[in-house]
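Asker: take this sequence and fold it.
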Amino acid sequence: MIRTLASILCLGFAAATAHAAEGIDTEAFFAAGFTGLDGEKVAMEQFRGRPLVVNFWARWCAPCREEIPELAKLRAEQAADGIEVIGVAIEEVGKREAVKAFAATYAINYPVVLAGREGMSLMKALGNPQAGLPFTVYIGRDGKPAGSKLGLLRRAELEAAAQRLLAR
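Answerer: Residues are numbered from 1 along each chain as shown. Prediction:
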């Protein structure tokens, strides 16, 4: 059911929308804990204090697959500056091996966690009431929101977001 609903939402957004930081509850993000690709629990609190690009995605979402290489490039280029990219897969823990294989195929070089249904609630807390995919939230070192984007990210948008995050 989640897959069907999110698939409709993923395909239903013809125009992507960028949003300012209002309506984003970053404390909900830092309070969350999910399962990593190694099967271990990952507390989002461990990422506090770093500029973050938090990307919600799913394997079956075409725009999500399209933006993964750009997110990987950003991680490779900006990791030395402290920017961390986190992939929040809207996939159930039972799909861990499939997501792990997908991550290897797409050369995902950033942490990926499996959020399942909890990911839908978290997206809503982060300012995405429709829980559409892909969805990206930018969080500054101070833990405060720096904006979000619903829809496919382009390279120029990621570069601009990285500059905003590093300037904070």
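Asker: now the residue nearest the centre of the chain, what's its secondary structure?
Answerer: The centroid of the chain falls nearest to residue 55 when counting by C-alpha atoms, centre = their mean (1.2 Å). Here residue 55 is recorded as strand under DSSP: H, G, I helix; E, B strand; the rest coil.
Asker: per-residue confidence for the closest residue to it other than its chain neighbours?
Answerer: Computed as C-beta to C-beta, 6 or more residues apart in numbering, the closest residue to residue 55 that is not its neighbour in sequence is residue 136, at 4.8 Å. Every residue, glycine included, has its C-beta placed from N, CA and C. Listed pLDDT for residue 136 reads 98.
Asker: next, count neighbours for residue 136.
Answerer: If you count neighbours by other C-beta atoms under 10 Å, residue 136 ends up with 26.
Asker: go on, the one 3 residues further on?
Answerer: Using other C-beta under 10 Å, residue 139 is surrounded by 29 other residues.
Asker: give me the beta-bridge partners of it?
Answerer: residue 52, residue 145 (DSSP bridges).
Asker: residue contacts, it?
Answerer: 26, 29, 51, 52, 54, 145, 146 (C-beta atoms under 8 Å, 6 or more residues apart in numbering).
Asker: re the thing from before, my guess is the residue nearest to the centre of the chain contacts residue 88. True?
Answerer: Yes: between residue 55 and residue 88 there is a contact under C-beta atoms under 8 Å: 6.8 Å.
Asker: re the thing from before, got the contact list for the residue nearest to the centre of the chain?
Answerer: Residue 55 neighbours (C-beta under 8 Å, 6+ apart): 67, 71, 85, 86, 87, 88, 134, 135, 136, 153.
Asker: circling back to that earlier point, out of the contacts of residue 139, the closest to residue 61 would be?
Answerer: residue 54 (15.8 Å; C-beta to C-beta).
Asker: and the pLDDT for that closest one?
Answerer: Residue 54 is given a pLDDT of 98.
Asker: how close does it sit to residue 24?
Answerer: 10 Å (C-beta to C-beta, to the nearest Å).
Asker: tell me how many other residues surround the residue nearest to residue 33 when sequence neighbours are not counted.
Answerer: Once flanking residues are discounted, residue 33 sits nearest to residue 43: 4.7 Å by C-beta to C-beta, 6+ apart. Using other C-beta under 10 Å, residue 43 is surrounded by 13 other residues.
Asker: again, but for the one 5 residues further on
Answerer: One way to gauge burial is a neighbour count; for residue 48, by other C-beta under 10 Å, it gives 15.
Asker: hang on, isn't it packed against residue 32?
Answerer: No: with contact defined as C-beta under 8 Å, residue 48 does not count as touching residue 32 (11.8 Å).
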